[in-house]
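The amino acid sequence is not available; the structure is as follows:
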């Protein structure tokens, strides 16, 4: 198992004259953990002004009654720039989606598809299907009414004008849990079903309606749960690619899209039905490849809705670093992240900050008591930085957002 070790040194706290334990030294990383460039810490004007400016954040009155986890890493030099309580376990909120997305791209690849398929089993005589239609769900959160119309059209194109049998819904991709572990009952929680149409699990009802609209009689047809029988014939498969799913998942912080991706990862284990534990085991493996101790963290879901998720600013930085070191992951991930002042959940943030607007690309996170932000930016010296900040125990999410905006401004400017 690989670990990161943080050497600690004493630095003066510029704003108060007090001393605090902190570190700007490089991490000692196990040689076999990841491929790294040699770390060289060169004094620069940007760095010399950066540390005292970041120290001013620690005097914010917000921290008198809330907790802060913060880490900033120089990707170009592969060195630690700044940290405060970086290893404290905190609830990540929707920055949990970073782990989900990076694990999915690492495990499944950039060409992965979310499939929904329709089969039939029986005989077709003079337009009548004597047998069943079987819907096999792959938990595609983008499956919509247009896709449903395409399934019904494909049935009609086989010459079928009536169905005498059942509609069998195969949800065996995942377990029967409809909600994630540790979700609040009064949240707007998505339903975790492998067969979805525009986010609704009422798949068979929607199919029957579209079959009727396509001219296929379904009188007496009933819907039931089951599995795809041997010898069934494929009628049609509708799919959406991982890039399209991740854009909605990350830009708009869509929880259903995140959970669908989480269960794609789980299903890649080969287990049927797949479970959250399958996804968690795969995520722990990624954390360890990123140089972390996977046993330290608590992983509960893919979206960050759960009260049981616990990560740290260090963990988020290291998985973002892991992605950056792998262009096949980073290039796809970067395109999905909200851009400050431009789009997604950062569209209305840092709009008047010329240095941060269009520069900061990061995932936001907000649940009751938590505000978080983690992502990438380019410093004034041209170096690429990765950062993670978690504000925990706050009453108003806006306080956390303002704190994070200040952090980004400091990182994006030289004075």
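On my side now, so go ahead. Bear in mind that the values here come from a model prediction, so they are computed numbers and not experimental data.

and residue 80, how far is that from residue 196?
Look at residue 80 and residue 196: by Cβ to Cβ, to the nearest Å, they are 43 Å apart. All C-beta atoms are positioned from the backbone trio N, CA, C, and that covers glycine.

The two: who's more crowded?
More crowded of residue 80 and residue 196, by other Cβ atoms under 10 Å: residue 196, with 26 against 23.

contacting residues for the more buried one?
137, 139-141, 143, 203, 256, 260 (Cβ atoms under 8 Å, 6 or more residues apart in numbering).

List only buried entries from these.
Buried members of those, counted by 16 or more other Cβ atoms under 10 Å: 137, 139-141, 143, 203, 256, 260.

about what we covered before: and which of the contacts of residue 196 is nearest to residue 172?
residue 137 (8.4 Å; Cβ to Cβ).

Now the closest one: phi and psi?
Listed backbone geometry of residue 137 is phi -90, psi 140, with angles given as degrees, to the nearest 10.

low-scoring stretches of the stretch 51-200 of the chain, by residue?
Filtered on pLDDT under 70, the stretch 51-200 of the chain yields no residues whatsoever.

What segments of it are strands?
67-74, 79-84, 113-125, 128-137, 162-164, 166-170 (DSSP state E, counting those that start in this stretch).

Residue 116 reaches residue 147, doesn't it?
Yes. The criterion here is Cβ atoms under 8 Å, and residue 116 meets it with residue 147 at 6.9 Å.

Please name the nearest non-neighbouring residue to residue 406.
Of all residues not flanking residue 406 in the chain, residue 57 sits nearest, at 6.5 Å (Cβ to Cβ, 6 or more residues apart in numbering).

show me the residues around that neighbour that make contact.
70, 403, 406-407, 410.

Next one: it from residue 241, what distance?
40 Å.

The stretch 151-300 of the chain: helices as residue ranges?
Secondary structure of the stretch 151-300 of the chain, counting by DSSP state H, counting those that start in this stretch: helices at 203-213, 242-251, 255-267, 276-289.

before we move on, the earlier item: what sits in contact with each of residue 116 and residue 147?
Common neighbours of residue 116 and residue 147 (Cβ under 8 Å, 6+ apart) are residue 238.

Which stretches in the stretch 301-415 of the chain count as helices?
313-324, 327-334, 397-412.

Can you say which of the ones you listed is nearest to residue 228?
Between the helices of the stretch 301-415 of the chain, helix 327-334 lies closest to residue 228; by Cβ to Cβ that is 31.0 Å.

contacting residues around the closest one?
101-102, 105-106, 109-110, 242-243, 246, 250, 322-324, 361, 376.

Mark out where each domain of this structure begins and ends.
Split into domains by automatic domain parsing, the chain comes to 4-110+248-412, 113-241.

Quick check: which of those domains is buried the most?
Most buried of those by mean neighbour count (mean count of other Cβ atoms under 10 Å) is domain 4-110+248-412; its value is a mean of 19.
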